[in-house]
Each structure stands twice: as structure tokens, then as C-alpha cells.
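Visitor: Mind looking at a prediction? Sequence and model below.
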Amino acid sequence: MAEQHDNVVTIEPIDNLSIVTLKIAGNSIESASDKLQLAPPVTASGSDPRSLWFGPDRWLLISSSLSADSMVKTCEEALADVLHNAGDYSAGLAVFRVAGPGARDLLASGCGIDFRAKKFPVDSCCRTRFSQIAAIIVAQGPEEFDIYVDRSYGVYLNDWLRESLSIAASANLLGTG
């Protein structure tokens with residue numbers, strides 16, 4: 001269920017995504033990137049599946065329409081000659097969408113990343129510590145971000161986002177642009 005404060009920010013869990021984690025041997029990254037059109041460093045690319053870069057040799061492949069098994073199979077076929085590991089990680093991550101004019105300010109209160117639009121534009125992707133837990137944050141739109149965390153931290157992150165949003169909204173700390 002989405003929560004909204006004064007039309008400033010919404011927080012919504014995103015369920016039913018297929019998520020595949022992909023690791024590629026260092027000497028094959030360029031070839032594999034071309035074959036699967038993987039996102040370049042610190043970015044996200046594509047639509048469905050969407051490729052999220054989160055390390056020098058690691059990506060997440062995200063889909064709302066394809067199964068994780070079909071994405072793993074695509075990786076196996078495209079990378080038959082490349083040392084790689086692709087696995088279903090759908091049950092391993094919780095995903096939250098934070099959207100609205102104050103979303104950048106809310107996210108900035110949880111970590112040291114510079115979320116200003118010039119520094120973290122649409123399709124930026126980073127792996128960081130957010131609210132003291134490991135997270136991958138993706139700029140899906142100018143005021144729309146997805147946060148991926150280990151599922152065991154899902155309740156904690158949901159509570160942290162909502163409490164921080166409530167505090168910031170009541171203190172009028174969230175910007176509107």
C-alpha cells in the first residue's frame with residue numbers, strides 16, 4: 001500500500017518482480033555486456049528486463065513480465081562460451097518505490113549519496129549503505145526511485161522510510177523540486 005504525505009512523497013512496495021543476479025568473469029565482461037546489452041557502470045538500462053549494474057562484474061536483471069527461469073535460460077544461451085553465474089534472486093530482495101517532489105530529500109537523509117538531479121540523473125544506479133543497510137538505489141524517473149534491499153531488511157526499511165517521511169513532512173523538511 002502506498003503512503004503519501006501532502007502530495008510530496010509516496011512509498012510503495014513493489015512485488016511480483018523476477019530478479020536474476022548475474023556475475024561474469026572479468027575477462028569476458030565486454031563480450032557478455034554486448035550479448036545481453038548490460039548496463040554500463042553506475043547505471044540502469046533497458047525496460048523489461050531492466051539491467052542494473054551493481055559491481056564491476058555484477059548485474060541484476062529485473063522483469064515484471066518474464067520469469068526468473070526464462071531470464072536465467074537467456075543468460076545461459078547468450079553466454080554459453082563465457083564463464084558466468086546467473087541465478088534466481090527474486091525471493092532474496094525487497095523493493096520499494098519512493099516517488100514525488102521530496103523523494104530526493106528523503107533519500108538524502110538516509111545516506112551520503114548526492115541525489116541532486118545533476119549528480120544522480122534518471123537511470124543512475126548505485127550500491128550503497130542506506131539507513132545502515134546494504135541497498136541498491138535506482139533513479140527510475142526524475143522524482144522516482146527504487147530501493148532494493150535484502151528481504152530480511154524489508155520491514156525495517158519500510159518502517160524507516162515511513163517514519164523519516166512523517167518526521168520530515170511534519171517539520172517541512174522535504175523540498176518540492
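Guide: Sure thing, it's come through. Numbers count the residues shown, from 1 in each chain.
Visitor: Domain ranges for this structure, per the record?
Guide: Structural domains annotated on the chain: 3-14+92-170, 18-91, as defined by automatic domain parsing.
Visitor: can I get those domains in JSON lines with mean pLDDT and mean neighbour count?
Guide: Bear in mind the C-beta positions are built from the backbone N, C-alpha and C, glycine included. Putting the domains of the chain into JSON lines (pLDDT from 0 to 100; neighbours: other Cβ atoms under 10 Å) gives the following:
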{"stretch": "domain 3-14+92-170", "mean pLDDT": "93", "mean neighbour count": "17"}
{"stretch": "domain 18-91", "mean pLDDT": "96", "mean neighbour count": "17"}
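Visitor: Would you mind writing the CA trace of the longest helix anywhere in the chain as CSV?
Guide: Secondary structure of the chain read by DSSP state H shows that its longest helix is helix 154-170. Once non-C-alpha atoms are left out, helix 154-170 reads as follows in CSV (Å, rounded to 0.1, in the frame of the first residue of the first chain):
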residue,chain,number,x,y,z
GLY,A,154,12.3,-5.2,4.1
VAL,A,155,10.2,-4.4,7.2
TYR,A,156,12.9,-2.3,8.7
LEU,A,157,13.4,-0.3,5.6
ASN,A,158,9.6,0.2,5.2
ASP,A,159,9.3,1.4,8.8
TRP,A,160,12.4,3.7,8.4
LEU,A,161,11.1,5.3,5.2
ARG,A,162,7.6,5.9,6.6
GLU,A,163,8.9,7.3,9.9
SER,A,164,11.5,9.5,8.2
LEU,A,165,8.9,10.7,5.8
SER,A,166,6.5,11.6,8.6
ILE,A,167,9.2,13.4,10.6
ALA,A,168,10.4,15.4,7.5
ALA,A,169,6.9,16.2,6.4
SER,A,170,5.8,17.5,9.9
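Visitor: quick one, the longest strand anywhere in the chain and helix 154-170 angle?
Guide: When every strand of the chain is counted residue by residue (DSSP state E), the longest turns out to be strand 133-141. Counting by axes from the mean of the first three to the mean of the last three Cα atoms, to 10 degrees, strand 133-141 points 60 degrees away from the direction of helix 154-170.
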